[in-house]
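In: please find the sequence and the predicted model below.
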Amino acid sequence: MHLRLTDEQRMVQKTIRKFVEKELIPLENEVLRNEREGKPSLPEGKMEELQLKAKEAGFWGINTPEEYGGADLGQMMLAIVQMEVARTFVPFSFGGSADNILYYGNEAQKEKYLLPTINGEKKSCFAMTEPGAGSDTQNIKMTAVKDGDEWVLNGEKTFITGGNEADFVMVIAITDKELHKSSSGRKGVTCFIADRSMGWKSEYIHTMGEWGPAALIFDNVRVPEENILGEVNGGYDLGLEWIGFARWIVGARAVGAAERLLKMAIDYANERETFGKPIATRQAIQWQIADSAVEIEAARWLVLNAAFTLDQGEDNRHAASMAKLYGSNMGNRVVDRVLQIHGGMGYTRELPIERWYREARLWRIYDGTDEIQRLIISRNLLKGHVKVGQFA
Ligand SMILES: Cc1cc2nc3c(=O)[nH]c(=O)nc-3n(C[C@H](O)[C@H](O)[C@H](O)COP(=O)(O)OP(=O)(O)OC[C@H]3O[C@@H](n4cnc5c(N)ncnc54)[C@H](O)[C@@H]3O)c2cc1C
């Protein structure tokens, strides 16, 4: 067992930190200004420009297999990268990647959807959630009925990230009602790749965060048989795989953001004086700083364990749920304390803390709520799938 980063991991961490400090953090004021004026966080073309700069620094397709032009750095590296990038709220993602489930496509689908997504020519989104089925994914109602060599899709999806911008959606619909019922929703649903040009519509949903997801409306949208991703009636597992991929990454992002926020709080506590002394001399402030630092470290190890488990080719679902549950709650506690330490200033829009405060609240909801993570963790323990104290 070795609890230190390797030289290579340290080098990657340092390079990304430099990139974040040089290219992203200087954009923060512009991002805040744009968002307050109701404009997109980054002007058109800026993300692509940043992605190219990252590519020049060697970061492109971090987790994309080498045969598709990626670096395939593995999950530990991904964790390190995500923690670093999350030190700023400037929305940025590295180029050269695609949704994990698109790799299940056949050769024609890879040519038409996977490669253009990796190359940034097409934008994708994934749609499982419906107005009546969020945590309860087995309760979806959208139907797909076969008509000749096409399927006709009807229904509504909601809260779809990237749904306003996407060129195509990977959408889950019921294809066999009986099987769906008899298998308690685990079978009888299929994943379709539906181009926007096939006729689905998107509607912006306003949230307390900065980028609204979309409602997607399917009204007799005809999707050709060749656009089925994976097996007919086997779409549920693909859906779970898509959702599971990002789960522990939410924890990684919370660690990065909380580190930066804590640093802001430490600087402010040392500078801000009340009753003739810096607030850093008060135990009430010191304890908030200490608790935050301990919790950030705890979350970091949960995240690294989830990544490491996956790199070993083992099932990381239990570890991923723990990293997501603890990490996202830690992030919310830290941003709240940091806001408190800043007093009235923390509540203003002069500082980005309120911006982070609103973003952090989402971490406890999407990719499986707190309650669903607790359900998964306790079920694994109660059914004996995982033993108390089991260390991978
Ligand atoms: C900004 C944003 C982006 C999203 N992006 C996507 C996306 O790209 N694709 C996609 O398919 N979905 C997406 N979602 C949907 C997201 O995954 C769901 O919102 C989430 O799973 C919760 O579902 P729900 O909102 O229907 O809440 P519900 O499932 O209705 O839950 C309501 C409350 O009840 C609790 N609860 C539910 N069941 C139980 C239970 N059995 N025991 C105890 N408590 C329970 C929940 O934890 C929650 O507190 C996104 C959501 C948001 C807000």
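Out: Nice, thanks for sending it over. Numbering: from 1, shown residues only.
In: can you tell me the residue of the chain closest to the ligand?
Out: Nearest to the ligand in the chain, going by C-beta to the nearest ligand atom, is residue 134, at a distance of 1.8 Å. Every C-beta, even on glycine, is put in place using the N, C-alpha and C of the backbone.
In: what about that residue, how many residues nearby?
Out: Summarising burial for residue 134: neighbours were counted as other C-beta atoms under 10 Å, giving 17.
In: ok, it - contacts?
Out: Taking C-beta atoms under 8 Å, 6 or more residues apart in numbering as the contact definition, residue 134 lies against residue 159.
In: for it, grab phi and psi.
Out: Here the main-chain torsion angles of residue 134 (degrees, to the nearest 10) amount to phi -110, psi -90.
In: give me the pLDDT for it.
Out: Here, the pLDDT recorded for residue 134 equals 96.
In: how about the strands in the protein?
Out: Remark: strands assigned in the chain by DSSP state E are 124-127, 143-147, 150-160, 168-174, 189-195, 201-204, 214-224, 228-229, 273-274, 277-278.
In: for residue 40, which of those strands is the nearest?
Out: Ranking those by their distance to residue 40 (criterion: C-beta to C-beta) puts strand 201-204 first, at 12.1 Å.
In: kindly reformat the strands of the chain as a markdown table containing distance to residue 78.
Out: Rendered in a markdown table, the data for the strands of the chain read as follows (distance: least, C-beta to C-beta, whole Å):
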| stretch | distance to residue 78 |
| --- | --- |
| strand 124-127 | 18 |
| strand 143-147 | 33 |
| strand 150-160 | 23 |
| strand 168-174 | 21 |
| strand 189-195 | 24 |
| strand 201-204 | 29 |
| strand 214-224 | 26 |
| strand 228-229 | 23 |
| strand 273-274 | 42 |
| strand 277-278 | 39 |
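In: got CSV for these, with mean neighbour count too?
Out: Conversion of these to CSV gives the following (neighbours: other C-beta atoms under 10 Å):
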stretch, mean neighbour count
strand 124-127, 26
strand 143-147, 16
strand 150-160, 20
strand 168-174, 26
strand 189-195, 24
strand 201-204, 14
strand 214-224, 19
strand 228-229, 22
strand 273-274, 11
strand 277-278, 12
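In: could you dump those into JSON lines and include distance to the ligand and mean pLDDT?
Out: As requested, these are arranged in JSON lines below (distance: least, C-beta to the nearest ligand atom, whole Å; pLDDT from 0 to 100):
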{"stretch": "strand 124-127", "distance to the ligand": "5", "mean pLDDT": "98"}
{"stretch": "strand 143-147", "distance to the ligand": "16", "mean pLDDT": "98"}
{"stretch": "strand 150-160", "distance to the ligand": "3", "mean pLDDT": "98"}
{"stretch": "strand 168-174", "distance to the ligand": "8", "mean pLDDT": "98"}
{"stretch": "strand 189-195", "distance to the ligand": "12", "mean pLDDT": "98"}
{"stretch": "strand 201-204", "distance to the ligand": "12", "mean pLDDT": "98"}
{"stretch": "strand 214-224", "distance to the ligand": "9", "mean pLDDT": "98"}
{"stretch": "strand 228-229", "distance to the ligand": "15", "mean pLDDT": "98"}
{"stretch": "strand 273-274", "distance to the ligand": "38", "mean pLDDT": "98"}
{"stretch": "strand 277-278", "distance to the ligand": "39", "mean pLDDT": "98"}
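In: using PDB, write out every CA atom in stretch 114-133.
Out: Taking Å, rounded to 0.1, in the frame of the first residue of the first chain, the C-alpha atoms of stretch 114-133 are listed here in PDB:
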ATOM      1  CA  LEU A 114     -19.000   8.500 -31.000                       C
ATOM      2  CA  LEU A 115     -16.200   9.900 -33.100                       C
ATOM      3  CA  PRO A 116     -17.900  13.300 -33.800                       C
ATOM      4  CA  THR A 117     -18.600  13.600 -30.000                       C
ATOM      5  CA  ILE A 118     -15.000  12.900 -29.100                       C
ATOM      6  CA  ASN A 119     -13.900  15.400 -31.800                       C
ATOM      7  CA  GLY A 120     -16.200  18.100 -30.500                       C
ATOM      8  CA  GLU A 121     -18.300  18.200 -33.700                       C
ATOM      9  CA  LYS A 122     -21.400  16.900 -32.000                       C
ATOM     10  CA  LYS A 123     -22.900  17.500 -28.600                       C
ATOM     11  CA  SER A 124     -24.700  14.700 -26.700                       C
ATOM     12  CA  CYS A 125     -27.100  14.400 -23.700                       C
ATOM     13  CA  PHE A 126     -28.600  11.500 -21.800                       C
ATOM     14  CA  ALA A 127     -32.200  11.300 -20.800                       C
ATOM     15  CA  MET A 128     -33.700   8.900 -18.300                       C
ATOM     16  CA  THR A 129     -35.500  11.200 -15.800                       C
ATOM     17  CA  GLU A 130     -39.200  12.100 -16.400                       C
ATOM     18  CA  PRO A 131     -41.600  14.300 -14.500                       C
ATOM     19  CA  GLY A 132     -42.900  11.200 -12.600                       C
ATOM     20  CA  ALA A 133     -39.600   9.200 -12.500                       C
END
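In: how far does it sit from the chain's center?
Out: 13 Å (C-alpha atoms, centre = their mean, to the nearest Å).
In: ok, residue 77 touching residue 12?
Out: Yes. Using C-beta atoms under 8 Å, residue 77 and residue 12 qualify as a contacting pair, with a distance of 5.9 Å.
In: tell me the contacts of the spatially closest residue to residue 372 that is not a sequence neighbour?
Out: Of all residues not flanking residue 372 in the chain, residue 135 sits nearest, at 5.1 Å (C-beta to C-beta, 6 or more residues apart in numbering). Contacts for residue 135 were tallied using C-beta under 8 Å, 6+ apart; they are 368, 369, 371, 372.
In: for residue 95, what are its contacts?
Out: By C-beta under 8 Å, 6+ apart, the contact list for residue 95 reads 48, 51, 52, 54, 55, 60, 61, 120.
In: cool, and residue 42?
Out: Contact criterion C-beta under 8 Å, 6+ apart gives 27, 31, 34, 50, 90, 91 as the residues in contact with residue 42.
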